[in-house]
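S.K.: Build me a model:
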Amino acid sequence: MAIGTSSTWRNWAGNVTARPVREVTPASVEELSAAVRKAADDGLKVKAVGTGHSFAAVAATDGVMIRPQLLTGIRKIDREAGTVTVEAGTPLKHLNVTLAREGLSLTNMGDIMEQTVSGATSTGTHGTGRDSASIAAQIKGLELVTADGSVLSCSSKENPEIFAAARIGLGALGVISAITFAVEPLFLLTAREEPMTFDRVTDSFDELIAENEHFEFYWFPHTENCNTLSNNRSAGPTAPVGRLRGWFEDEFLANGVFQALSSLGRAAPAAIPGIAKITSRGLSARTYTDIPYKVFTSPRRVRMIEMEYAVPRHALVEALRELKTMVDRSDLRISFPVEVRTAPADDIPLSPATGRDSAYIAVHLYKGTPYQTYFDAAERIFTAHEGRPHWGKLHTRDADYFAKAYPRFGEFTAVRDRLDPERRFGNDYLRRVLGD
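M.R.: As a prediction, the model looks like this:
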């Protein structure tokens, strides 16, 4: 087990910093358990941090920071049960590549794969799906190190109340050391990317959801233009994006050129509407077929700040139209597209999609751009539609709000009270969102 001296930690976006007393990098669950017990002996808080892709301070601590980069790799593949057990610090990209080599895949995933499996699931990371839900909803079991150093195995049959809560646990119940996911035989997806007008997408939103297994779209503020993405299972054959076209569209345009235009927009906000009109009109349709992680995920290198809310799916169109009207009538200059995805209802107490079919609306701004006015206005719209914020992204909600927004909020806090009465895993963010 490596123990490091204090240093300043920053998240990926650079908007959250922390200076822990010490950093610990355990190489086994036994070392992780010992690190938690040692922190308790020293009267220090404990937080595990992955790759720092959360925009919220969910993992920040001035106590002991657990770095899980040595807790990586596959523990077990059970083909008969259709599961894979993986160490908590394993990056999603490594899991996806390894599963593909074994002829297996997760059913659904988010649009980036840089996060650790425990970080992604603990904050509710999701993709888009008509019938398939977030990554956390694909968990079949997990191993949890609790405040006294005990190691609990949790599933629907073993410690079921803890399992129900810990799938999206915000690091409030303990430190996850391993996760068992449901997997299935590797399959193919055919992706269709197609420009559409804002009115066409919103007028036919229900039909587009019903017709496609995975549907999402981006609206470009200051324009009437959207780009839609539809992914559906395919019998093949594979027809991936060509290497040159993929580099040009996904690296050069989506990252390099977008980075330059975002920098220009930050320096000269008045230019943003014109830039948006030009870039959104330049979108072209493309279709390709490939294995899941090569379709679901893409490189996202342009640093930004993000807020995302889940609203009831039936409220999506109204909320989005209100957002568009607000932007159109304001002096705001928004350089990033607004992203819309969907998720079916699930049964995880702190999932933004718990108990209801949901649609996620994500608003972004380029790193270094003042975001408060835009995000505050967007949040007022989202909360008016009973929105629930993504736990790893910016929001201003507190425990009083969540107690009303989440029917099973009390169930989660009761499990927390039982497992961590002294708040060994607490921090300022959890105090705000979960209460004392």
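S.K.: How many residues are close by residue 278?
M.R.: When neighbours are counted by other C-beta atoms under 10 Å, residue 278 registers 11. (Each C-beta comes from the backbone N, C-alpha and C, glycine too.)
S.K.: Wasn't it part of a helix?
M.R.: Yes: under DSSP: H, G, I helix; E, B strand; the rest coil, residue 278 falls within a helix.
S.K.: From the contact counts, what lies against the host helix or strand of residue 413?
M.R.: Element membership for residue 413, per DSSP states H and E: helix 409-419. If you count contacts as 3 or more C-beta pairs under 8 Å, 6 or more residues apart in numbering; DSSP states H and E, helix 409-419 packs onto helix 160-166, helix 399-405, helix 428-434.
S.K.: please redo it, this time with the cut-off set to 6 Å
M.R.: If you count contacts as 3 or more C-beta pairs under 6 Å, 6 or more residues apart in numbering; DSSP states H and E, helix 409-419 packs onto helix 160-166.
S.K.: From the chain's centroid, how far away is the helix it packs on?
M.R.: 20 Å (C-alpha atoms, centre = their mean, to the nearest Å).
S.K.: Next, the buried residues of the helix holding residue 413.
M.R.: Within helix 409-419, the residues that count as buried by 16 or more other C-beta atoms under 10 Å are 409, 412, 413, 415, 416, 419.
S.K.: How far away from the center of its chain is it?
M.R.: Counting by C-alpha atoms, centre = their mean, helix 409-419 comes out at 23 Å from the chain centroid.
S.K.: just stretch 25-40 next, same as before
M.R.: 27 Å.
S.K.: Give me the buried positions along stretch 313-321.
M.R.: Within stretch 313-321, the residues that qualify as buried are 313, 315, 316, 317, 319, 320, counting by 16+ other C-beta under 10 Å.
S.K.: most centrally placed residue in the chain?
M.R.: Centroid check for the chain by C-alpha atoms, centre = their mean gives residue 125 as the closest residue, at 2.7 Å.
S.K.: Give me the phi and psi angles of that one.
M.R.: With angles defined as degrees, to the nearest 10, residue 125 sits at phi -60, psi 140.
S.K.: please renumber so the chain begins at 851
M.R.: That works, and once the first residue is 851, the last one we named lands at residue 975.
S.K.: show me the contacts for it.
M.R.: 960, 985 (C-beta atoms under 6 Å, 6 or more residues apart in numbering).
S.K.: Just name the closest of the buried residues of stretch 1163-1171 to residue 1192, please.
M.R.: Closest approach to residue 1192 among these (C-beta to C-beta): residue 1163, at 6.2 Å.
S.K.: Just the pLDDT for the closest one.
M.R.: Residue 1163 is assigned a pLDDT of 98 by the prediction.
S.K.: So it versus residue 1208, what's the distance?
M.R.: Using C-beta to C-beta, to the nearest Å, residue 1163 is found at 6 Å from residue 1208.
S.K.: And for residue 1243?
M.R.: Taken as C-beta to C-beta, the span from residue 1243 to residue 1208 is 15 Å.
S.K.: So for these two, which sits in the more crowded spot?
M.R.: Neighbours per residue (other C-beta under 10 Å) separate residue 1243 from residue 1208, with residue 1208 holding more: 28 against 23.
S.K.: was I right about that one contacting residue 1193?
M.R.: Yes: under the criterion of C-beta atoms under 6 Å, residue 1208 makes contact with residue 1193 at 5.0 Å.
S.K.: Please export the alpha-carbon coordinates of stretch 993-1005; CSV is fine.
M.R.: Extracted as CSV, the C-alpha positions of stretch 993-1005 are listed here (Å, rounded to 0.1, in the frame of the first residue of the first chain):
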residue,chain,number,x,y,z
GLU,A,993,-18.2,-5.4,-2.2
LEU,A,994,-18.2,-2.5,0.3
VAL,A,995,-15.7,-1.5,2.9
THR,A,996,-17.6,0.2,5.7
ALA,A,997,-16.7,2.7,8.4
ASP,A,998,-15.3,0.2,10.8
GLY,A,999,-13.2,-1.6,8.1
SER,A,1000,-15.6,-4.5,7.7
VAL,A,1001,-16.0,-5.9,4.2
LEU,A,1002,-19.6,-6.6,3.1
SER,A,1003,-20.7,-8.5,0.1
CYS,A,1004,-24.0,-7.1,-1.1
SER,A,1005,-26.6,-8.3,-3.6
